[in-house]
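Peer 1: based on what follows, work out the 3D shape:
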Amino acid sequence: MIKKIFKYWFPLFIWALLIFLFSARSTGVVTEIHWGDFIIKKTAHIIEYAVLTLLSYRAMKESGISKTNAALFSILFAVFYGTTDEFHQAFTPGREPKARDVIFDTIGSVLAIYSVWNLLPKAPIKLRNLAEKFQLI
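Peer 2: Now for the predicted structure:
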C-alpha cells in the first residue's frame, strides 16, 4: 500500500508543489527567466496542467478507479487546482489571478486525456510501449 502511494501519488504531489512554488514567485523573478512572451507563458500552462492531469489520471487508475472516472476526476482536479493556483497568485507580489490562465490549464488537461484515449492507441508502437511503461494506457 505504501509503495503504491509513493509510486503513483507522490509524483502528483511533487508536480503540484512545483506548480505552486513557481506561481509563488513574483513577476520580477519570473520575467528574469525570459518568459515575457504570451505564447510561451500559455504553452507552459498547457504543458504543466497536461502533466498534472496525466499524473492524476495514472494515480487514480492504478488505485482502482475506472478509466472513465479517472479521466473525469483528473480533468476536474486540474481545473480546481488551476483555479486555486490563480487565487493564490492574488496574494503574490506582482502577480494577479487571470481566468484566461485557467482556460489554458483546462485546455492542457483535456488535451492530455484526449491524447491518452484517442491518439496513443493509434501511435507508433514505440510510443505506445512508452505509454504502457508509464501506465497511461
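
Peer 1: where does the prediction get shaky in the chain?
Peer 2: 27-36 (pLDDT under 70).

Peer 1: so which residues of it form helices?
Peer 2: For the chain, applying DSSP state H gives helices covering 2-4, 10-23, 27-31, 38-62, 67-89, 99-114, 125-133.

Peer 1: can you give the contact residues for stretch 101-119?
Peer 2: Contact partners of stretch 101-119, identified using CB atoms under 8 Å, 6 or more residues apart in numbering, comprise 42, 45-54, 57, 71, 74-75, 78-79, 81-83, 85-86, 131, 136-137. Backbone N, C-alpha and C define where each C-beta goes, glycine included.

Peer 1: now that stretch: buried residues?
Peer 2: 101-102, 104-106, 108-113, 115-116 (16 or more other CB atoms under 10 Å).

Peer 1: stretch 55-65 now?
Peer 2: Leu55, Ser56, Tyr57, Arg58, Ala59, Met60, Lys61, Ile65.

Peer 1: the fifth one reaches Leu12, doesn't it?
Peer 2: Yes - at 5.2 Å, Ala59 counts as touching Leu12 under the criterion of CB atoms under 8 Å.

Peer 1: list the residues that contact Ile65.
Peer 2: Phe73.

Peer 1: state the distance from it to Tyr57.
Peer 2: Here Ile65 is placed at a distance of 9 Å from Tyr57 (CB to CB, to the nearest Å).

Peer 1: for Leu119, give its distance to Ala44.
Peer 2: 21 Å.

Peer 1: do the same with Ala71
Peer 2: From Ala71 to Ala44 the distance is 23 Å (CB to CB).

Peer 1: please apply the same query to Gly64.
Peer 2: 33 Å.

Peer 1: Glu96 too?
Peer 2: 17 Å.

Peer 1: also Thr53?
Peer 2: Counting by CB to CB, the gap from Thr53 to Ala44 is 15 Å.

Peer 1: and these two? which has more neighbours close in?
Peer 2: Between Thr53 and Ala44, counted using other CB atoms under 10 Å, the more crowded position is Thr53 (29 against 14).
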